[in-house]
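Visitor: Starting from these lines, generate the structure:
(one chain, ligands or ions: 1)
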Amino acid sequence: MTKQILIVGGGFGGVKAALELAKRPEDFEITLVSEHEHFRYYPELYHTATGGLRTQTSIRLRDIFAGKNITFLKAKAERLHREAKAIETNDGQKLNYDILILALGVVTNYFGIKGLQEYSYGIKSPEEAAEFKAELHKQLTDEHAPDKHYVIVGAGPTGIELAGALPGYMKKIIANHGVKHRAIHIDLIEAAPRLLPRSPTSTSRAVRRQLKKLGIKLYLGQAVQGETADALTINGKPLTSHTVVWTAGMANNPFFEANKFAVNDRHKVLVDEFMKAEDEIYVIGDNAATPYSGMAQTALYDASFVVNNLKRDLAGEELERYKPKQPISIIPAGPNWAAVDWGRFHFTGRKGWLLRQAADLVAFHDLEPWWKATEQWFTEFAEQENCEICTAADDSLATT
Ligand SMILES: Cc1cc2nc3c(=O)[nH]c(=O)nc-3n(C[C@H](O)[C@H](O)[C@H](O)COP(=O)(O)OP(=O)(O)OC[C@H]3O[C@@H](n4cnc5c(N)ncnc54)[C@H](O)[C@@H]3O)c2cc1C
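Guide: Model (predicted):
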């Protein structure tokens with residue numbers, strides 16, 4: 001008899017689980033429910049925000065699942081009915097399951113800081129990235145009172161990637177629109193005393209040097225206290241800007257607390273050695289309290305792990321136990337430059353950047369037919385390689 005698998009979340013973990021299960025149509029009947037029509041490729045959103053193609057970061061789920069035995073439903077999961085083994089969605093559907101896989105990802109956290117949600121930009125979706133990009137254009141081409149400060153809050157991987165890509169993109173806008181010369185500052189604010197607080201200190205130092213070379217002004221150990229329509233308050237002092245991007249906070253999906261899952265002190269769901277949160281309920285990716293949760297590679301790994309065990313279970317084989325796998329960290333910071341932490345190996349520069357391109361190609365191949373993934377990746381790769389303005393020396397950006 002086929003097992004009814006319900007997957008909630010059309011991101012890295014959910015999509016990977018669905019595609020792996022779909023290889024066994026005789027054993028599994030798969031439904032994936034997600035609140036958006038599209039899969040979001042988060043690692044390249046910084047690039048979409050700085051002139052890259054939107055197609056790179058947004059792929060229709062129906063296209064990914066075309067020709068596969070996967071039913072896709074666009075809806076938001078709201079309530080879990082444990083007794084009935086069903087999920088209730090915002091449009092009133094009740095979806096039954098034998099096995100439930102939850103991969104809902106995280107949400108932006110503003111830590112209750114006044115004004116941030118209202119006035120700051122984000123880059124957690126292609127729509128947000130496009131909004132930020134439009135604001136950049138508006139400010140840079142404004143002849144009257146344009147922003148002098150372009151502020152990124154949060155020096156984790158997303159903040160660093162965006163900070164590294166901004167100078168090149170801003171030079172491009174300035175050159176393309178014939179904007180008059182003026183001093184522009186790109187400011188990166190971090191509450192911790194160093195960049196990339198979760199990376200080795202040698203990586204933080206290398207990235208810091210690289211960002212300084214690009215003209216980014218760093219404010220380390222500085223906490224944001226509030227934002228108004230005209231300024232950000234940092235350690236009691238105002239910094240005038242209308243272009244503030246918040247990348248500093250994520251919180252676990254509220255679905256879990258609303259449905260009374262057991263969570264740890266970071267609000268991640270507690271799972272056992274098989275990634276089960278409860279009977280017949282698996283929680284994977286960013287939602288699970290595992291050592292490397294918070295990375296796309298972990299979500300993909302978790303999905304493969306759970307699917308492998310579901311197949312073993314059907315075959316009456318002994319189940320494997322979860323062994324956390326340390327992901328490779330590759331953080332681009334400017335054109336042709338990335339910092340890599342790969343187990344004992346740490347390196348920076350063009351080699352790192354090329355490795356990141358290779359990793360993106362592999363990730364696309366995981367989700368799409370090879371011809372489509374390669375075409376999509378190549379267009380973007382060629383565009384980044386050929387951006388001469390992005391690397392050219394220019395004094396439009398104030399150095400600090
Ligand atoms: C800007 C940014 C850059 C990143 N860069 C990198 C990187 O370079 N390398 C890396 O390894 N990781 C990176 N990450 C982290 C990585 O994207 C996540 O770890 C990964 O997406 C987690 O996969 P997931 O399946 O757990 O969740 P997600 O991929 O977030 O998917 C969750 C899905 O669930 C849907 N959903 C949420 N709530 C509901 C609901 N109630 N009902 C139905 N559907 C719902 C969402 O719409 C989404 O489609 C980045 C993250 C961001 C935000």
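
Visitor: pLDDT score for the residue nearest the centre of the chain?
Guide: Central residue of the chain (C-alpha atoms, centre = their mean): Y42, 3.4 Å from the mean position. Looking at Y42, its pLDDT reads 92.

Visitor: cool, A248 as well?
Guide: Checking the pLDDT column for A248, the value is 93.

Visitor: Touching, I30 and I5? I think so.
Guide: Yes: counting by C-beta atoms under 8 Å, I5 is a contact partner of I30 at 5.0 Å. All C-beta spots, glycine's among them, are computed from the backbone N, C-alpha and C.

Visitor: Find residues that contact each of the two.
Guide: Applying C-beta atoms under 8 Å, 6 or more residues apart in numbering, one finds that I30 and I5 are jointly contacted by L21.

Visitor: how about the closest residue to Y42 other than its chain neighbours, phi and psi?
Guide: Nearest residue to Y42 in three dimensions, chain neighbours excluded: A296, at 6.9 Å (C-beta to C-beta, 6 or more residues apart in numbering). Main-chain dihedrals, A296, degrees, to the nearest 10: phi -60, psi -40.

Visitor: these two touch, right, A296 and D360?
Guide: No: between A296 and D360 there is no contact, the gap being 10.4 Å when judged by C-beta under 8 Å.

Visitor: Can you pull the residues that touch both of those two?
Guide: By C-beta under 8 Å, 6+ apart, A296 and D360 have these common neighbours: P43.

Visitor: quick one on the thing from earlier: kindly provide the distance from the residue nearest to the centre of the chain to V283.
Guide: From Y42 over to V283 the distance is 19 Å, taken as C-beta to C-beta, to the nearest Å.

Visitor: next one: N109
Guide: Here N109 is placed at a distance of 19 Å from V283 (C-beta to C-beta).

Visitor: R182 too?
Guide: Counting by C-beta to C-beta - R182 and V283 are separated by 50 Å.

Visitor: And those two? Which one has more around it.
Guide: V283 (28 against 11; other C-beta atoms under 10 Å).

Visitor: Whatever residue of the stretch 251-400 of the chain ends up closest to the ligand and G112: what is the separation?
Guide: Of the residues in the stretch 251-400 of the chain, the one nearest the ligand is G285, at a distance of 2.3 Å by C-beta to the nearest ligand atom. From G285 across to G112, the span is 26 Å (C-beta to C-beta).

Visitor: which of the two has more neighbours?
Guide: Neighbour totals were compared for G285 and G112, and G285 leads with 30 against 7 (other C-beta under 10 Å).

Visitor: Identify the residues contacting the more buried one.
Guide: 9, 11-14, 103, 105, 293, 298-299, 302-303.

Visitor: Separate out the buried members of these.
Guide: Those of those that meet the buried threshold are 9, 11-14, 103, 105, 293, 298-299, 302-303, by 16 or more other C-beta atoms under 10 Å.

Visitor: List, out of the residues you listed, those positioned next to the ligand.
Guide: With C-beta under 6 Å from any ligand atom as the criterion, the buried ones among the contacts of G285 include 9, 11-14, 103, 105, 299 near the ligand.

Visitor: I'd say R79 and I87 touch.
Guide: Yes: in this structure, R79 is within contact of I87 by C-beta under 8 Å, at 7.2 Å.

Visitor: Can you pick out the residue with more neighbours from these two?
Guide: A direct count of neighbours by other C-beta under 10 Å for R79 and I87 places I87 higher, at 24 against 13.

Visitor: Contact partners for that one?
Guide: 6, 8, 33, 77, 79-81, 94-95, 97, 100.

Visitor: Can you give me the distance of it to the ligand?
Guide: Distance from I87 to the ligand, counting by C-beta to the nearest ligand atom, to the nearest Å: 8 Å.

Visitor: Surely that residue is in a strand?
Guide: Yes: assignment of I87 by DSSP: H, G, I helix; E, B strand; the rest coil places it within a strand.

Visitor: pLDDT score for it?
Guide: 98.

Visitor: Ok, T400 next?
Guide: 40.

Visitor: Can you spell out the domain ranges of the protein, please?
Guide: Domain ranges of the chain: 3-108+250-314, 116-249, 329-384, per automatic domain parsing.

Visitor: near the ligand, anything from the shortest one?
Guide: No: judged by C-beta under 6 Å from any ligand atom, domain 329-384 makes no contact with the ligand; its nearest approach is 6.9 Å.

Visitor: just how off-centre is that domain within its chain?
Guide: 15 Å (C-alpha atoms, centre = their mean, to the nearest Å).

Visitor: ok, which residues in this protein are in contact with the ligand?
Guide: Residues of the chain lying near the ligand (C-beta under 6 Å from any ligand atom): 8-14, 33-36, 42-43, 45, 76-77, 103-105, 123-124, 157-158, 253, 255, 285-286, 294-297, 299, 327.

Visitor: what do you get if the cut-off is 5 Å, keeping everything else the same?
Guide: Proximity of the chain to the ligand, by C-beta under 5 Å from any ligand atom, involves residues 9-13, 34-36, 42-43, 45, 76-77, 103-105, 124, 158, 255, 285-286, 295-297, 299.

Visitor: Now the closest residue to the ligand within the chain: closest residue in space that isn't a chain neighbour?
Guide: Nearest residue of the chain to the ligand (C-beta to the nearest ligand atom) works out as G11 at 1.8 Å. Closest residue in space to G11, ignoring its immediate chain neighbours: G105 at 5.0 Å, by C-beta to C-beta, 6+ apart.

Visitor: I'd say the one you found and N253 touch.
Guide: Yes: if you go by C-beta under 8 Å, G105 and N253 touch, sitting 6.3 Å apart.

Visitor: from the contacts of I87, which two are the most distant?
Guide: Put simply, by C-beta to C-beta the two of the contacts of I87 set farthest apart are V33 and H81, 14.4 Å from each other.

Visitor: Great, nothing more from me.
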